[in-house]
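*Asks:* no letters, just coordinates:
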C-alpha cells in the first residue's frame, strides 16, 4: 500500500532591509506612503496631488494678475466708487456670474475637456470679483492681506501633510465647519441688510479667517486621502475657493483696521 506524502511545512518569508525600505503597499508600510494603511500606489496619488496643485498655481497666478490690475489702475476704483447705476450693475453681475458658471461646472466635472473650460471660466469670474474688491480697498491693504494669506496657506498645508502622514484624519471637521459656514452666511446677510459698521466687519473678518483656515486643512486632507483620480476639478475648486475666501476675510479684517 502506497504511503501518503507528508505535508510540507512552509518556511516563513523573511523580509530584507531593502524590501522594508521600498515599502509594502498592501500592508501600508514604507517611506514613500502618504498615510498609514495605504493600499494604492503612492506614485499615482503623488501624480494626482501634483496635478491639482499645478491647476491651483495657474488659478492663483491669474487671480493675482487681475487683482494687481484692479489695484494699480485708478480708473477702476473711481468707476466702482462712483455708485452710478452702471457700477451697481457691474457689482450685481460679478456676484451672479460665479454661481451661473458653477452649476454646469459641477455637472460636467468629470467630462474632459468641458470641465477644464468651465473651470477656466469660473476662475475668470472669481478673479474679476477679487479684482473689484482689491480696487476698492487699495494696494497697501491688498499686499498685507496677500502676505498673511500666503503664510497661513503654506503653514496649514505643510502641517496637514505632516499630520496625515502620522495617521491623523481631519474628516471629523466637516460638521463643525459646515455649521460655522452657515453662521457666516447669515451674519453676512445681516450685515448687508443692517450695516453695523467697522466692528462688524472686523468680527466677520476674524471669524472668516478661522473658518476657512479649517476648510484648508479639511480639503487638503480630502486631497490626500479621499478624492479619486478623476476628481481633480473638485479638488482644485475646493482648495481654490478656500484660499480665495481666506484672502477676502483677511482683506475685510485688514481694511476695517486701517
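*Replies:* Great, that's in hand. Since the structure is predicted, the reported quantities are computational estimates derived from the model, not experimental observations. Residues are numbered from 1 along each chain as shown.
*Asks:* which stretches in the stretch 51-200 of the chain count as helices?
*Replies:* For the stretch 51-200 of the chain, the helices defined by DSSP state H, counting those that start in this stretch occupy 75-80, 85-107, 114-137, 139-165, 173-193, 198-225.
*Asks:* which one is residue 72 nearest to, not counting chain neighbours?
*Replies:* residue 139 (6.7 Å; CB to CB, 6 or more residues apart in numbering). Bear in mind the C-beta positions are built from the backbone N, C-alpha and C, glycine included.
*Asks:* surely the one you found and residue 71 touch.
*Replies:* Yes - between residue 139 and residue 71 a contact is recorded at 4.5 Å, counting by CB atoms under 8 Å.
*Asks:* these two: which is more packed in?
*Replies:* Neighbours were counted for residue 139 and for residue 71 using other CB atoms under 10 Å; residue 71 has more, 22 against 14.
*Asks:* circling back: select from the helices of the stretch 51-200 of the chain the stretch with the lowest mean pLDDT.
*Replies:* Of all the helices of the stretch 51-200 of the chain, helix 75-80 carries the lowest average pLDDT, namely a mean of 74.
*Asks:* elements contacting that helix?
*Replies:* Under the contact criterion of 3 or more CB pairs under 8 Å, 6 or more residues apart in numbering; DSSP states H and E, helix 75-80 touches helix 42-72, helix 85-107, helix 114-137.
*Asks:* could you list the buried residues of the shortest one?
*Replies:* Neighbour-count burial for helix 85-107 flags 90, 94, 97-98, 101-102, 105 (criterion: 16 or more other CB atoms under 10 Å).
*Asks:* take these and write them to CSV, including distance to residue 220.
*Replies:* Converted to CSV, those look like this (distance: CB to CB, whole Å):
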residue, distance to residue 220
90, 34
94, 28
97, 27
98, 22
101, 24
102, 21
105, 21
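*Asks:* just give me the closest of the residues you listed to residue 246.
*Replies:* The closest of the buried residues of helix 85-107 to residue 246 turns out to be residue 98 (CB to CB; 16.6 Å).
*Asks:* which residues touch the nearest residue to that closest one once chain neighbours are set aside?
*Replies:* Nearest non-adjacent residue to residue 98, counting by CB to CB, 6+ apart: residue 125, 4.5 Å away. Residues in contact with residue 125 (CB atoms under 8 Å, 6 or more residues apart in numbering) are 94, 97-98, 101.
*Asks:* ok, back up a step: for the residue nearest to residue 72, give its distance to residue 74.
*Replies:* Separation of residue 139 from residue 74 (CB to CB, to the nearest Å): 11 Å.
*Asks:* likewise residue 239?
*Replies:* 33 Å.
*Asks:* the more surrounded of those two?
*Replies:* residue 239 (23 against 9).
*Asks:* which ones are touching that one?
*Replies:* Contacts here follow CB under 8 Å, 6+ apart; on that basis residue 239 touches 52, 56, 216, 219-220, 223.
*Asks:* between the helices of the stretch 51-200 of the chain, which gets nearest to residue 38?
*Replies:* Here helix 198-225 is closest among the helices of the stretch 51-200 of the chain (CB to CB), at 8.9 Å.
*Asks:* can the helices and strands packed on helix 75-80 go into JSON lines with extra columns for distance to residue 252?
*Replies:* Converted to JSON lines, those look like this (distance: least, CB to CB, whole Å):
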{"stretch": "helix 42-72", "distance to residue 252": "15"}
{"stretch": "helix 85-107", "distance to residue 252": "16"}
{"stretch": "helix 114-137", "distance to residue 252": "9"}
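*Asks:* before we move on, back to that, just flag the most distant two among the contacts of residue 239.
*Replies:* Taking CB to CB, no two of those sit farther apart than 52 and 216, at 13.4 Å.
*Asks:* ok, back up a step: ok, so of the contacts of residue 239, who is nearest residue 169?
*Replies:* residue 220 (11.9 Å).
*Asks:* burial count for the nearest residue in space to residue 224 that is not next to it in sequence?
*Replies:* The shortest distance from residue 224 to any non-neighbouring residue, by CB to CB, 6+ apart, is to residue 164 (5.1 Å). When neighbours are defined as other CB under 10 Å, residue 164 has 20 of them.
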